[in-house]
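> have a look at this prediction, sequence included:
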Amino acid sequence: MNEECLICKAPLTYLEADILMECEICHKKENSKTRCVNGHYVCSECHTRGLDRIISLCMASASRDPIAIIEQMMALPTCHMHGPEHHVMVGAALLTAYHNAGGDLDLRSALTEMMNRGRSVPGGACGFWGACGAGISTGMFVSIISQSTPLTNEPFALSHKMTAKSLQAIGEIGGPRCCKRDSFLSILAAIDFVREHFGVEMEKPEIVCHYSAQNNQCIGKRCPFSKVNH
């Protein structure tokens, strides 16, 4: 088994109902359904500690390829195989590639906003909310570039349509969750959506996964990015 628990490396388990748990790192107490089989719990804030490093990574990038950008983030020691950090990383990679492809954007302030919004989506949202955080992150991305608010017209519609496109792609593959697969699916959906609705052409590479050996729940050849399919 590959590591899942940040404390003891044991697999995670998901409970039927929230219970009060104490984070093993910061000792904050909060309700959650997620812990490892040995009872350890790590809160989302601690799980994403060090995520601020992606802002400097994005600001230094000249790439128009959001997949290449997010794979740089995935290589950081603060990124795990699965976790709520992907809820920020998807949108941040898209913002960066969009800016580098000619999109009109104050990148630093947009990344800061993406960080604040993405961190509010908890781990496990994919299974418990019926809405993967990676997919939601693309809706946040479109909301930021279109300056959507609850009172806008077209930007409001576009951000919802973007999230729906990403979640449709994720739902067609099905579970169990893989934060890498769902991030890639969401980004590919966003590349097409932005080209159609905003006229900005980001690069869209072929993706071959090299994370499967780290994923206890890898779905193998059912994954569109599996090496056996390429």
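Perfect, thanks for sending it.
> residue contacts, Ile67?
93, 184, 187-188, 203-205, 207 (C-beta atoms under 8 Å, 6 or more residues apart in numbering). Every C-beta, even on glycine, is put in place using the N, C-alpha and C of the backbone.
> narrow these to those in helices?
Mapping the contacts of Ile67 onto helices (DSSP state H) picks out 93, 184, 187-188.
> highest neighbour count among these?
Ala93 (33 neighbours; other C-beta atoms under 10 Å).
> gap between it and Ala17?
Distance, Ala93 to Ala17, using C-beta to C-beta, to the nearest Å: 35 Å.
> before we move on, the earlier item: tabulate the ones in helices among the contacts of Ile67 (JSON lines), appending distance to Thr48 and pLDDT.
Output for the ones in helices among the contacts of Ile67, formatted as JSON lines (distance: C-beta to C-beta, whole Å; pLDDT from 0 to 100):
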{"residue": "Ala93", "distance to Thr48": "15", "pLDDT": "98"}
{"residue": "Phe184", "distance to Thr48": "20", "pLDDT": "98"}
{"residue": "Ile187", "distance to Thr48": "19", "pLDDT": "98"}
{"residue": "Leu188", "distance to Thr48": "24", "pLDDT": "98"}
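> from these, which single one is nearest Ile145?
Ile145 lies nearest to Ala93 out of the ones in helices among the contacts of Ile67, by C-beta to C-beta, at 13.3 Å.
> tell me who's in contact with that closest one.
By C-beta under 8 Å, 6+ apart, the neighbours of Ala93 are 58, 66-67, 69-70, 73, 187.
> go again with 7 Å.
66, 69-70, 73, 187 (C-beta atoms under 7 Å, 6 or more residues apart in numbering).
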